[in-house]
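**Q** Predicted model and sequence follow; I will ask about them next.
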Amino acid sequence: MKSDGLIYNSISNVTVFAVIAIISLLVIPAIVNQYGIKGYGLIVLSRIILPTGLISILDLGLSEATTKIVARNRQNVSNITSILLFTFLIVAAISCLVAGAYYFLAEDAVDVINFDSESEKYSLINTLQLTSFFIIPLFLGVIIESLIKGYEKFIIIRIGELIVAVCFLLFVYFADYHSVEDLIFTFMVLLSIKYFGFLTYLIINKPECIKFTTLNLPFKELIEHIKHALEVLKSKIISTIYWNIAPMYIGVMSGLEGVGIYDIVMKIPKLFKSVLGQLNAVVFPYVSRRDSIELNSSVNILLKKGLMFEMYIFTPVLFFAAYFSDNIMHILGVKEYSIWFILMLVWVSFYLSFSLGSSIAVARRNILNRFNKLSMYMTLIYIILVSLLVPLLDIQGLFVAMFVSLLITLPFYIRTLSQEMQVKVNVFYKPIVISLLACLFPFMGLFLLPSSGDDVMIFLIKYVVCLLISWLIIYRYFLSNDDKKFIIREVSALINNTK
C-alpha cells in the first residue's frame, strides 16, 4: 500500500496533538488550585455551552463537507469557489444569529444548572455574553481550517493549536488573572489570532481557494455538498448529545463539584480517544481524494492495515495505563475513582476497533448513514441507563452507562464495517488479542519489581519500559516481513520529509 503522505500526516498530526494534550493536563492542577474543583467544574460547563463546544453542530456539518469538496477538487479548485463562497455566507449568517442568542439569552440558558451561589451563576452568564463578540470570527475560522484540511496540510493546523496551548499555559501559570472570565476571554483571543493566521496562510499559499471569481453555482456539486453536510450534521448532533449529556446531567443533579470529578476521571480516556481521532483525521480527505478517482481497493487495504497498526500501538498503552491506574489517578487527585478509570480505558479499547472505520464513514455517505443510526441507538440506550443508574450510583452511574451502551452496539458497528468495506470480522479483534499476548511478558515482570508507590518518575519509567518491550515483541514475532519492510520504508520517508 502506498501511503501517499498519509503516514507523515498521521504521525505529525498525532505527535503535535499529544504535546497539546500533555499541556492541557498541566493546566488542570493550576486551575484547580486557583478555583477548586467547583471552579474547574464551572469551566467545564462553560466549555460545553460556549461556541467552541457547540460549533461542531452549529456549522450544520458544512466544515466537513468543505474539507471533502476541496480534497476531491483541489487540482482545479476554481470550479468550486462559488460553492465555497456559498458556504462562507451561510456560516456567516448562522454565526450572527448565534452571537445574538448568546448575548440576549445567556441568563435564561443557565437557569437549569444547580449553582451553589449567585456569583457562580453570574460568572457563567458574563462568560457567555463576553464570548458572543468572538462567535463570528470563530465560525468563519472553522471553515478556513476546513480548507486547509482539504489540502491535507494538517501540520499547519496542529502548529497553530500548539501555539495557542503554550500561550494559554503560560497565561494560567504566570499571568495575574482573577476570574473565570479572564481565562475564557484570553482563550477566545488566542483562538481568533490562530484563525487569522490560518487565513494568512491560505492567502499566501493557496489563494485560488478564496478567489471568488464566479457566482455560477454548479448545481449537482452543490446538492451533493449540502446532502453530505446534512448527514454529517446528524452525526455531530448525536455525538454532541452523547458526550455532553453526562456533565450537564451531573451539573443539574449534583452541582459543579460532580462535573469537575467526572471530567478529571474522563480526561485521559478522552485524550486517548482524541489522539485516535487526530490519527484518523487525515483519513477523511485522503479517502475523499481516493474516491474521486475510484481507488476503492486502496481504501480497503487502508482499513485493514490501519486497524492492525493502531491496535498494535494503542492496546499496550491502554493495558498498562489500566495497570498503573492508581498512580495516574493519584496524580490527578481522584485516586478513589481508579476502578472507574479502568472501565473507561476498556471503553476506549472497544472504540479502537471501529474508530478508523468511522473516519472513512465520514467520507462516504452510505456508511455514515448506517453509523448515524447505530450512534442514535447507542445514545438512546446511554440516556436511558443514565436516568436509571445515576440516582442509584451517583457519578459512577455515568461510567457504567457509557460502557454498557457501547458494549451493546459494538457488534453492530463491526458488522456494518465488515459488510460495507468487504473485510473479514477478525480484522477488528485479532490484533487486540495479539497485543494483549505481547503485554503478558512485561506484565508478569512487574510483579518481580518493588512497588513504585507514589513516586511519579519511577512509575513513568516502568510504564515506558513496559510499552517498549510489548511493541518489540509485536514487531519481532507477530509482524510479517512485508509489514516490517513497510514500517522501515515509511520511517525513512518520515525522517526525510521532516528534514
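**A** Nice, I can see it.
**Q** Would you mind pulling the contact partners of stretch 263-272?
**A** 21, 24-25, 28, 40-41, 44, 247, 314, 317-318, 321, 328-329, 332-334, 337, 340-341, 344-345, 347-348, 395, 399 (C-beta atoms under 8 Å, 6 or more residues apart in numbering). Where C-beta positions appear, they are placed from N, C-alpha and C, glycine not excepted.
**Q** can you give me the mean pLDDT across that stretch?
**A** Mean pLDDT, stretch 263-272: 82.
**Q** what's the answer for stretch 66-74, then?
**A** 78.
**Q** what about L388, how many neighbours?
**A** 13 (other C-beta atoms under 10 Å).
**Q** let me fix that: L162
**A** 16.
**Q** one step back: quick one, which of the contacts of stretch 263-272 are buried?
**A** 21, 28, 40-41, 44, 247, 314, 317-318, 321, 328-329, 332, 334, 337, 340-341, 344-345, 347-348, 395, 399 (16 or more other C-beta atoms under 10 Å).
**Q** So which of those belong to helices?
**A** 21, 28, 40-41, 44, 247, 314, 317-318, 321, 328-329, 332, 340-341, 344-345, 347-348, 399 (DSSP state H).
**Q** E64 contacts V362, doesn't it?
**A** Yes - counting by C-beta atoms under 8 Å, E64 touches V362, with 6.0 Å between them.
**Q** What residues does the residue nearest to G197 when sequence neighbours are not counted make contact with?
**A** Nearest non-adjacent residue to G197, counting by C-beta to C-beta, 6 or more residues apart in numbering: G160, 5.7 Å away. By C-beta under 8 Å, 6+ apart, the residues touching G160 are 194, 197-198.
**Q** So which of those residues sit within helices?
**A** Those of these lying in helices (DSSP H): 194, 197-198.
**Q** got these as CSV, with neighbour count and distance to L58 columns?
**A** What follows is the ones in helices among the contacts of G160, written out as CSV (neighbours: other C-beta atoms under 10 Å; distance: C-beta to C-beta, whole Å):
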residue, neighbour count, distance to L58
K194, 20, 19
G197, 16, 23
F198, 20, 19
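**Q** of those residues, closest to S358?
**A** Among the ones in helices among the contacts of G160, F198 lies closest to S358 (C-beta to C-beta), at 25.4 Å.
**Q** For the closest one, which non-adjacent residue is spatially closest?
**A** Counting by C-beta to C-beta, 6+ apart, the residue nearest F198 is I144, at 4.9 Å.
**Q** what's the answer for Y429, then?
**A** Nearest to Y429 is S353, by C-beta to C-beta, 6+ apart, at 6.6 Å.
**Q** Tell me which helix or strand the one you found sits in.
**A** helix 338-363 (DSSP states H and E).
**Q** starting at the chain centroid, how far to the next helix or strand after that helix?
**A** As assigned by DSSP H and E, the chain's next helix or strand after helix 338-363 is helix 365-393. Relative to its chain's centre, helix 365-393 lies at 18 Å (C-alpha atoms, centre = their mean, to the nearest Å).
**Q** Is F428 in contact with I414, as I believe?
**A** Yes - F428 lies in contact with I414 (C-beta under 8 Å); the separation is 4.8 Å.
**Q** The two - which one has more neighbours?
**A** Using other C-beta under 10 Å, the more surrounded residue of F428 and I414 is F428, with 25 against 18.
**Q** Against F314, how distant is the more buried one?
**A** 14 Å (C-beta to C-beta, to the nearest Å).
**Q** likewise S480?
**A** S480 is 20 Å from F314, by C-beta to C-beta.
**Q** about what we covered before: buried residues, the helix holding S353. List them.
**A** Buried-residue list, helix 338-363, by 16+ other C-beta under 10 Å: 338, 340-363.
**Q** Over to stretch 264-271?
**A** 264-271.
**Q** E221 contacts I69, correct?
**A** Yes - between E221 and I69 there is a contact under C-beta under 8 Å: 7.0 Å.
**Q** Mind listing the shared neighbours of these two?
**A** 80, 83.
**Q** Tell me which of those two has more neighbours.
**A** When neighbours are counted by other C-beta under 10 Å, E221 and I69 differ, and I69 comes out ahead with 27 against 16.
**Q** quick one, what contacts the residue positioned nearest the centre of the chain?
**A** When C-alpha atoms, centre = their mean is applied to the chain, the residue found nearest the centroid is S274 (3.5 Å). Residues in contact with S274 (C-beta under 8 Å, 6+ apart) are 17, 21.
**Q** Would you map out the domains in the protein?
**A** 1-229, 294-499 (automatic domain parsing).
**Q** Just put those domains in a markdown table and tack on distance to G258.
**A** Output for those, formatted as a markdown table (distance: least, C-beta to C-beta, whole Å):
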| stretch | distance to G258 |
| --- | --- |
| domain 1-229 | 7 |
| domain 294-499 | 6 |
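**Q** Least confident of those, on average?
**A** Ranked on mean pLDDT, the bottom entry among the domains of the chain is domain 1-229, at a mean of 75.
**Q** Now the residue of the chain most remote from its centre. Its backbone dihedrals?
**A** Farthest-out residue of the chain from its mean C-alpha position, per C-alpha atoms, centre = their mean: L448, at 37.6 Å. Backbone torsions for L448, taken as degrees, to the nearest 10, come to phi -90, psi -10.
**Q** What's the separation between it and I328?
**A** For L448, the distance to I328 - C-beta to C-beta - is 22 Å.
**Q** try L472
**A** 24 Å.
**Q** sorry, back to before: quick one: which of the buried residues of stretch 264-271 is nearest to L124?
**A** Once C-beta to C-beta is applied, the member of the buried residues of stretch 264-271 that ends up nearest L124 is I264, at 19.5 Å.
**Q** Let me know the angle separating the helix or strand encompassing that closest one from helix 365-393.
**A** Per DSSP H and E: I264 is located in helix 256-281. With axes from the mean of the first three to the mean of the last three C-alpha atoms, to 10 degrees as the basis, helix 256-281 and helix 365-393 are set at 160 degrees to each other.
**Q** so who does V14 touch?
**A** 275, 278-279.
**Q** ok, those residues vs L60, which is closest?
**A** Q278 (23.2 Å).
**Q** So that closest one sits against N13, correct?
**A** Yes - the criterion here is C-beta under 8 Å, and Q278 meets it with N13 at 5.2 Å.
**Q** Excluding chain neighbours, what is closest to G306?
**A** L356 (4.9 Å).
**Q** What separation do you get for the one you found and L147?
**A** 24 Å.
**Q** From the buried residues of stretch 264-271, pick the one nearest L230.
**A** For the buried residues of stretch 264-271, the nearest to L230 is K270 (27.1 Å; C-beta to C-beta).
**Q** gap between the closest one and S146?
**A** 23 Å.
**Q** before we move on, what about L276?
**A** Distance from L276 to S146, by C-beta to C-beta: 20 Å.
**Q** can you check R415 too?
**A** Taken as C-beta to C-beta, the span from R415 to S146 is 31 Å.
**Q** Likewise for I434?
**A** 37 Å.
**Q** before we move on, the earlier item: so what's the residue nearest to F198 up against?
**A** 195, 198-199, 202.
**Q** tell me which element it falls in.
**A** helix 135-150.
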